[in-house]
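1. Provided below for reference: sequence and predicted model.
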Amino acid sequence: MADILDDVDLPSDEDKIYCANCINCKLIRVNNGNENQYQLRVRCTAGKWKKKLGDEKYYKYFTVARRSLDECDAYEPMGETKQYIKELKKNLPIKDEVYV
């Protein structure tokens, strides 16, 4: 079993594509049912995040630093990934928040 895994090229953290560092990752407001309140979500304008039935998937803003892919043909980096993700993790909220 170990010999089989040695032959597989697994992506390292350096090869990982973080969606948050892509120009297609956009922050949006989503109404939460109350007139004045909303929550922040992120979406992929390239359409790479889909639900099982094909609808567009939105992710909670505080989880954006966790979103990554091994490969993406629409990925357009906005800068140096490692430093950006490090700073982003420091500044993201720790839970889903409601804004007014």
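-> Sure thing, it's come through.

2. Contacts only, for the most centrally placed residue in the chain.
-> In the chain, the centroid-proximal residue (C-alpha atoms, centre = their mean) is residue 67; its distance is 3.4 Å. For residue 67, the contacting residues are 18, 19, 20, 25, 42, 59, by C-beta atoms under 8 Å, 6 or more residues apart in numbering. Every C-beta, even on glycine, is put in place using the N, C-alpha and C of the backbone.

3. Tell me the pLDDT of it.
-> Predicted confidence (pLDDT) for residue 67: 95.

4. pLDDT below threshold where in the protein?
-> 1-14 (pLDDT under 70).

5. hey, which helix is longest across it?
-> Across the chain, the longest stretch assigned as helix under DSSP state H is helix 81-91.

6. which of the residues in that helix are buried?
-> Neighbour counts over helix 81-91 (16 or more other C-beta atoms under 10 Å) mark 81, 84, 85 as buried.
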